[in-house]
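Enquirer: structure here, sequence nowhere to be found:
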């Protein structure tokens, strides 16, 4: 089976040119019509700065927030995946209590605004639980090398508790949607597969591991990849609890410099770099999976 080839017609070219011309016209109108002193020359220094002590270029405010967003999105997606898979299994369990437990989690999280959820967790739950473990003090007792590794992959010791609170809150929120992705993927497997594997004497866990799981995995993998893109965008909400991710750094920089348009256009461009890169990767993944499925059918 040959992959589908896209053909660009003359109408497509005309529409594309019109869209580009419209975008340029809007940009010129905004630039000339708004009484605003544009100053793009100062933006690069907020991306990277030269550290005289280290003798090298290091990330500045916006890039530090950019990397924090990547860390938060990556670890948040992994934790949300663990929560979603576990709750997804509960949603399709044969026991009523487990199904009710999984359903209650999904309905509770999905029907609460994420901003309210963050405030509930950060100011009520996290403020009571975090002091019991005091992860900041634990990290400060580690060796400097270990602290650097933790700071690189997560956050510095003085901000680790806040980062962990934001991470758990984001994972709980995204986990509810991953739960439904997992549930729908498992339930989309044909009933005959369940019956055939049960007739072979396989237990429920063996059915999930050897028969149902591999088939459901191919179904849920593309939407899971799309959920990662959603996590990147949703991570901006944790700026309200002073997590120094990209949106928070943008607000701080705008308040200090009054470069409203330059800062937010740059922040938007950085988010687009992340999300469009992930979108291209997801499209590539779906193409590869479609080719493999076609090859198996043709074999």
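Expert: Okay, I see it. Predicted, not measured: the structure shown is a model, and the values here were computed from it.
Enquirer: how near is residue 26 to residue 32?
Expert: The gap separating residue 26 from residue 32 is 11 Å, by CB to CB, to the nearest Å. The C-beta positions use only the backbone N, C-alpha and C, and glycine is treated the same way.
Enquirer: oh, I was asking about residue 222
Expert: In terms of CB to CB, residue 222 sits 44 Å off from residue 32.
Enquirer: when these two are compared, which one has more neighbours?
Expert: residue 222 (16 against 7; other CB atoms under 10 Å).
Enquirer: quick one: distance of the helix or strand in which that one is found to the chain centre.
Expert: For residue 222, the host element (DSSP states H and E) is helix 213-234. Averaged C-alpha coordinates place helix 213-234 at 11 Å from its chain's average position (CA atoms, centre = their mean, to the nearest Å).
Enquirer: what residues does that helix touch?
Expert: Residues outside helix 213-234 that contact it (CB atoms under 8 Å, 6 or more residues apart in numbering) are 69, 73, 76-77, 80-81, 114, 170, 173-174, 177-178, 181-182, 184-186, 188-189, 193, 271, 274-275, 278-279, 281-282, 285-286, 289, 293.
Enquirer: out of those, which are buried?
Expert: By neighbour count, with 16 or more other CB atoms under 10 Å, the contacts of helix 213-234 hold 69, 73, 76-77, 80-81, 114, 170, 173-174, 177-178, 181-182, 184-186, 189, 271, 274, 278, 282 as buried.
Enquirer: the strands in the stretch 51-200 of the chain, which residues?
Expert: When secondary structure is read from DSSP state E, counting those that start in this stretch, the stretch 51-200 of the chain shows strands at 56-59.
Enquirer: low-confidence ranges, it, go.
Expert: 125 (pLDDT under 70).
Enquirer: just want the most central residue of this protein.
Expert: residue 231 (2.5 Å; CA atoms, centre = their mean).
Enquirer: how close does it get to residue 169?
Expert: Distance of residue 231 to residue 169, given as CB to CB: 12 Å.
Enquirer: same question, residue 10
Expert: On the measure of CB to CB, residue 10 and residue 169 end up 50 Å apart.
Enquirer: more neighbours, these two?
Expert: Neighbour count, other CB under 10 Å: between residue 10 and residue 169, residue 169 has more, with 24 against 7.
Enquirer: and the nearest residue to the more buried one once chain neighbours are set aside, how many residues sit next to it?
Expert: Closest residue to residue 169 apart from its sequence neighbours, by CB to CB, 6 or more residues apart in numbering: residue 121 at 4.5 Å. Per other CB under 10 Å, the neighbour tally for residue 121 reads 20.
Enquirer: how about residue 255?
Expert: By other CB under 10 Å, the residues close to residue 255 number 10.
Enquirer: and the gap between it and residue 167?
Expert: According to CB to CB, residue 255 stands 26 Å off from residue 167.
Enquirer: ok, now residue 225?
Expert: From residue 225 to residue 167 the distance is 20 Å (CB to CB).
Enquirer: more crowded one of the two?
Expert: residue 167 (24 against 18).
Enquirer: next one: the more buried one from residue 12, what distance?
Expert: According to CB to CB, residue 167 and residue 12 sit 43 Å apart.
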